[in-house]
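Colleague: Fold the following, please.
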Amino acid sequence: MKDKLSKNAQRVQDALNEHGFEFKVQELPDSTRSAQDAAKAIGCSVPQIAKSIIFRSSQSKNPVLAIVSGSNRADVKKIASHLDEAIEIANADYVKEHTGFPIGGVSPIGHKSSIQTFIDEDLLEFNEIWAAAGTPHAVFKLESKTLPALTNGIVIDLKE
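Modeller: Now for the predicted structure:
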């Protein structure tokens with residue numbers, strides 16, 4: 001772990017600090033771009049990885065964040081039913097524009113603006129989970145029960 005965090009990882013650390021959490025961002029030598037890569041680099045199980053996936057609402061074009069257990073796939077129809085609007089997966093430029101983070105490093109917090117957030121209920125089965133922290137090499141460990149308050153997210157069944 002490096003002493004000085006990269007710009008994006010520091011932004012996530014600052015957001016954690018602002019929310020009053022003592023979780024620490026770590027930058028790892030190995031990639032954490034996918035849930036499998038992250039679990040291997042960290043030494044945890046794949047379901048303990050909190051994947052942050054950005055969607056775009058079809059009509060309003062607003063970003064929507066789904067935080068999904070690493071072993072699950074997000075069901076866009078379930079998310080859309082909570083929004084009363086269809087959603088589509090966002091491309092890399094849209095993700096970067098709205099979050100400030102690259103795909104593979106999207107954090108559940110520290111975005112450029114507020115994003116409607118849905119949390120996979122399966123993540124709350126674990127005491128500890130891991131999330132991306134702004135780059136494909138940065139992560140932070142957190143208590144799953146803190147995720148809704150940290151993100152202002154709604155916990156739902158969102159897996160396919």
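
Colleague: Could you confirm F55 falls within a strand?
Modeller: Yes: counting by DSSP: H, G, I helix; E, B strand; the rest coil, F55 is located in a strand.

Colleague: C-alpha coordinates for the host helix or strand of L150, PDB please?
Modeller: Per DSSP states H and E: L150 is located in helix 147-151. Taking Å, rounded to 0.1, in the frame of the first residue of the first chain, the C-alpha atoms of helix 147-151 are listed here in PDB:
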ATOM      1  CA  LEU A 147     -23.800   1.000   3.300                       C
ATOM      2  CA  PRO A 148     -27.400   2.400   3.200                       C
ATOM      3  CA  ALA A 149     -26.500   5.400   5.400                       C
ATOM      4  CA  LEU A 150     -23.200   6.000   3.700                       C
ATOM      5  CA  THR A 151     -24.800   6.100   0.200                       C
END
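
Colleague: which parts of stretch 99-115 are buried?
Modeller: Buried residues in stretch 99-115, counted by 16 or more other C-beta atoms under 10 Å: 99-111, 115. (Each C-beta comes from the backbone N, C-alpha and C, glycine too.)

Colleague: Kindly export it (C-alpha atoms) in PDB.
Modeller: C-alpha atoms of stretch 99-115 as PDB (Å, rounded to 0.1, in the frame of the first residue of the first chain):
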ATOM      1  CA  THR A  99     -19.100  10.000 -11.100                       C
ATOM      2  CA  GLY A 100     -15.600  11.200 -11.900                       C
ATOM      3  CA  PHE A 101     -14.400   7.600 -11.800                       C
ATOM      4  CA  PRO A 102     -13.500   5.200 -14.500                       C
ATOM      5  CA  ILE A 103     -15.400   1.900 -15.000                       C
ATOM      6  CA  GLY A 104     -13.700  -0.700 -12.800                       C
ATOM      7  CA  GLY A 105     -13.100   1.900 -10.100                       C
ATOM      8  CA  VAL A 106     -16.500   3.400  -9.500                       C
ATOM      9  CA  SER A 107     -17.000   4.000  -5.800                       C
ATOM     10  CA  PRO A 108     -20.400   3.900  -4.000                       C
ATOM     11  CA  ILE A 109     -19.500   7.400  -2.700                       C
ATOM     12  CA  GLY A 110     -17.600  10.500  -3.700                       C
ATOM     13  CA  HIS A 111     -19.400  11.100  -7.000                       C
ATOM     14  CA  LYS A 112     -19.500  14.500  -8.700                       C
ATOM     15  CA  SER A 113     -23.200  14.900  -7.800                       C
ATOM     16  CA  SER A 114     -25.900  13.000  -5.900                       C
ATOM     17  CA  ILE A 115     -27.000   9.800  -7.600                       C
END
